[in-house]
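Asker: Just need the structure, nothing else, for what follows:
(chains A and B)
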Amino acid sequence: DAKTTQPTSMDCAEGRAANLPCNHSTISGNEYVYWYRQIHSQGPQYIIHGLKNNETNEMASLIITEDRKSSTLILPHATLRDTAVYYCIVMEYGNKLVFGAGTILRVKS
Amino acid sequence: EAGVAQSPRYKIIEKRQSVAFWCNPISGHATLYWYQQILGQGPKLLIQFQNNGVVDDSQLPKDRFSAERLKGVDSTLKIQPAKLEDSAVYLCASSSRGALSINEQFFGPGTRLTVL
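Answerer: Modelled structure (predicted):
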């Protein structure tokens, strides 16, 4: 079973920041938080991952709370092409991704 | 670099028939995964290979599903015989590091299977 809880869906206006929350209250000390997304009819795509510190790359920023029980993925300037299902995943030992249902993000013009 | 290739993209069969899917991972990637994604759900890992050896097949229905990765490169996933509940998208992914390390997985476009 997935070890994370995410909202079923969210809407965001084009050009605005999209903030996608994720709860992972049972995360253990050596587990990372990974984010993937899946655009319609495509395979999932890696976005970003982190352990304790906040992380940023060309796609997004990941903010992890100090107690590591929750995190937020931030897409700073959402576009229509960011409409997708976003998966928050806590990586289990052995590199096994366990996907939940994810959050459907709809970016609207 | 070229991505993960899968074929066919779509397949329609009748129940009790057999079907096979093919995956060519990114060149040099030692780890290969097969996932099953049922409509409305996230992908579920079926089997993980490290080179040509199986690392994890705990979720693979072995009475009807089989997979191989001869020579540690391409892989095939077979279903024999197919059931209605096997209708899903079958995704192949690969990664460049060992099975016990944390690394990014690259996914192919998937094969959409419809069992009638």
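Asker: Could you report the neighbour count for the residue nearest to residue A:109 when sequence neighbours are not counted?
Answerer: What sits nearest to residue A:109 in space, not counting adjacent residues and going by Cβ to Cβ, 6 or more residues apart in numbering or on different chains, is residue A:14, at 4.9 Å. C-beta here means a position set from N, CA and C on the backbone, and glycine is covered the same way. Other residues lying near residue A:14 total 15 when counted by other Cβ atoms under 10 Å in any protein chain shown.
Asker: got a pLDDT number for residue A:14?
Answerer: With respect to pLDDT, residue A:14 scores 97.
Asker: again with residue A:96
Answerer: If you check residue A:96, the pLDDT there is 76.
Asker: Hmm, residue B:14 and residue B:114 touching each other?
Answerer: No: the pair residue B:114 / residue B:14 is not scored as a contact, 9.9 Å apart, by Cβ atoms under 8 Å.
Asker: The lowest-mean-pLDDT helix or strand in chain A pairs with which strands, parallel or anti?
Answerer: Of the helices and strands making up chain A, the lowest-confidence element is strand A:45-50, at a mean of 93, by mean pLDDT, DSSP states H and E. Note on strand A:45-50: by DSSP bridges, its sheet partners are strand A:33-38 (antiparallel).
Asker: Which positions within the strand it pairs with qualify as buried?
Answerer: A:33-38 (16 or more other Cβ atoms under 10 Å in any protein chain shown).
Asker: next one: stretch B:66-77
Answerer: Applying 16+ other Cβ under 10 Å to stretch B:66-77 flags B:66-67, B:69, B:73, B:75, B:77 as buried.
Asker: what's the answer for stretch B:58-65, then?
Answerer: Buried, per 16+ other Cβ under 10 Å, within stretch B:58-65: B:60, B:65.
Asker: Quick check: end-to-end length of it?
Answerer: 12 Å (Cα to Cα, to the nearest Å).
Asker: what about that stretch, near chain A?
Answerer: No: shown here: stretch B:58-65 not in contact with chain A (Cβ under 8 Å from any Cβ of the partner chain), separated by at least 9.4 Å.
Asker: from memory the residue nearest to residue A:109 sits against residue A:105, does it?
Answerer: No: contact criterion Cβ under 8 Å: residue A:14 and residue A:105 do not qualify, at 11.8 Å.
Asker: quick one on the thing from earlier: can you pick out the most distant pair from the buried residues of stretch B:66-77?
Answerer: The span of the buried residues of stretch B:66-77, defined through Cβ to Cβ, is set by B:66 and B:73 at 17.9 Å.
Asker: Thank you, goodbye.
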